[in-house]
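Undergrad: return a 3D structure for these sequence lines:
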Amino acid sequence: MNKKYEKSEINIFRLLWKSIILFIVINFGFIIFSDVPYGKITLYNHLFPGRERLPFGENPDKSFSMTMNNIDAMISSHVISQSSKKVDEYRVVIIGDSSIWGFLQPPESTLSGKLEELVNFTCEGKPIEFYNLGYPSLSVLKDLLIIDKITEYDPKLIIWLVTLESFPKSTQLDTPLVKNNPILVNNLIQKYGLEFSEIETKPNDFSIIHQRRNLADLFRFQLYGFMWAVTGIDQDYPEEFTPAQRDFSADESFKDFNKSELSSQDLAFDVILNPVKQLDHIDFIIINEPILISNGKNSHLRYNFYYPRWAYDQYREIINKEMADSGIKYFDLWEIIPESEFTNSAIHLSEIGQKNLAVEISQIIGRHCQ
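TA: Purely as a prediction, here's the structure:
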């Protein structure tokens with residue numbers, strides 16, 4: 001006897017309603033896991049080799065890299081996240097802006113690459129290894145975001161290169177990496193007692209709908225690992241570039257500051273002083289990085305595109321005093337590189353410029369290790 005089965009009709013409205021409820025639950029349930037470091041799930045340093053510098057790039061099809069907001073994913077892709085397995089090295093981390101990251105330069109021509117070539121001595125009886133953790137954008141708060149994350153990888157020495165443009169308090173929260181990591185920034189403000197108001201956040205900011213771009217970027221970034229592994233390319237190198245500006249109008253402005261009114265209260269020194277004091281198990285060396293000193297039109301008014309002379313001169317007086325009063329090791333290398341060795345920016349060095357800077361810093365490290 002054949003059994004007859006009655007086909008149940010699909011209720012499209014019931015199915016749609018259940019789907020909507022399920023999506024709402026998953027979307028807002030994702031908020032609960034906003035603190036979970038899922039960015040650490042990576043193919044780099046496993047299936048693919050780790051990267052020599054943090055991912056950055058606006059043309060990923062040529063650079064095989066991309067700009068992203070998840071700092072855990074950025075650092076997990078870097079060779080430093082594999083270095084925790086090495087106990088026989090003296091780990092030196094280089095922190096700073098795009099000049100440290102190395103615009104227009106392959107990894108071996110950056111400051112950390114040149115230091116690897118030059119330094120042949122040991123520190124505390126261990127060989128020295130350098131890690132490039134510089135990242136494009138000028139902000140000491142952005143630098144601290146990275147520093148706070150890499151402390152778990154046991155750096156022995158952090159060399160932190162800074163410049164006036166990275167210090168104004170009024171611009172610290174404007175950097176994309178800072179703006180897109182409000183929870184991490186608020187944690188830094190509390191942890192280190194920084195003089196900033198916390199960034200306002202809403203729970204909905206961390207739902208899947210609001211985080212869909214970041215989640216997609218995490219997946220795409222893993223795919224670029226194939227081409228990185230094959231080519232070693234992590235930057236789009238243009239055949240030509242516009243040289244840094246050398247001639248200027250008779251303009252002495254610097255942001256919203258009135259001439260000769262720059263003070264230590266305008267600059268975010270607490271972003272350096274407080275963490276260096278708290279992270280007393282790590283040695284720090286602060287370096288005022290080289291800048292282009294123009295000899296062009298109106299160069300008696302401006303050093304370069306970024307800085308009128310009055311503002312930069314006052315900044316140097318202020319930072320020299322702040323570092324001396326704090327007892328932090330500080331070196332002012334602002335004028336050691338000739339104008340000819342800057343490329344497309346008043347802070348970006350040529351390969352020769354990077355080597356000259358590396359020579360100076362290697363001597364500083366040598367004295368530190370004695």
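Undergrad: how about the secondary structure of the residue sitting nearest the centre point of the chain?
TA: Of all residues in the chain, the one closest to the mean position by CA atoms, centre = their mean is Tyr135, 2.9 Å from it. Under DSSP: H, G, I helix; E, B strand; the rest coil, the three-state class of Tyr135 is coil.
Undergrad: what sits closest to it if chain neighbours are left out?
TA: Leu54 (5.1 Å; CB to CB, 6 or more residues apart in numbering). In this view, the C-beta of every residue, glycine as well, is placed from N, C-alpha and C.
Undergrad: now do Ile100
TA: Closest to Ile100 by CB to CB, 6+ apart is Gly134, at 2.8 Å.
Undergrad: if I look at that neighbour, how far off is Ile336?
TA: As defined by CB to CB, to the nearest Å, Gly134 lies at a distance of 18 Å from Ile336.
Undergrad: for those two, indicate the residue with more neighbours.
TA: Gly134 (25 against 14; other CB atoms under 10 Å).
Undergrad: near Lys40, how many other residues are there?
TA: Counted with other CB under 10 Å, Lys40 comes out at 12.
Undergrad: right, and it touches His78 too?
TA: No: the pair Lys40 / His78 is not scored as a contact, 11.8 Å apart, by CB atoms under 8 Å.
Undergrad: C-alpha coordinates for the lengthiest helix in the chain, CSV please?
TA: If you go by DSSP state H, the chain has its longest helix at helix 208-231. Coordinates of each C-alpha in helix 208-231 appear next as CSV, following Å, rounded to 0.1, in the frame of the first residue of the first chain:
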residue,chain,number,x,y,z
ILE,A,208,27.2,43.7,11.9
ILE,A,209,25.6,46.3,9.6
HIS,A,210,28.0,49.0,10.9
GLN,A,211,31.0,46.7,10.9
ARG,A,212,30.3,45.0,7.6
ARG,A,213,33.1,46.9,5.8
ASN,A,214,35.7,46.1,8.4
LEU,A,215,34.6,42.4,8.4
ALA,A,216,34.9,42.3,4.6
ASP,A,217,38.3,43.9,4.8
LEU,A,218,39.6,41.2,7.1
PHE,A,219,38.6,38.6,4.6
ARG,A,220,40.0,40.5,1.6
PHE,A,221,43.3,41.1,3.4
GLN,A,222,43.8,37.4,3.8
LEU,A,223,43.4,36.9,0.0
TYR,A,224,46.2,39.4,-0.7
GLY,A,225,48.5,37.2,1.3
PHE,A,226,48.9,34.9,-1.8
MET,A,227,50.4,37.7,-3.9
TRP,A,228,52.5,39.0,-1.0
ALA,A,229,53.9,35.6,-0.5
VAL,A,230,54.8,35.2,-4.2
THR,A,231,56.1,38.7,-5.0
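Undergrad: which helix or strand lies directly C-terminal to that helix?
TA: helix 270-278 (DSSP states H and E).
Undergrad: what's that next one packed up against?
TA: helix 140-150, helix 182-192, helix 309-326 (3 or more CB pairs under 8 Å, 6 or more residues apart in numbering; DSSP states H and E).
Undergrad: which residues sit against it?
TA: By CB atoms under 8 Å, 6 or more residues apart in numbering, the residues outside helix 270-278 that reach it are 140-141, 143-144, 147-148, 160, 162, 172, 191-195, 284, 286, 322, 326, 328.
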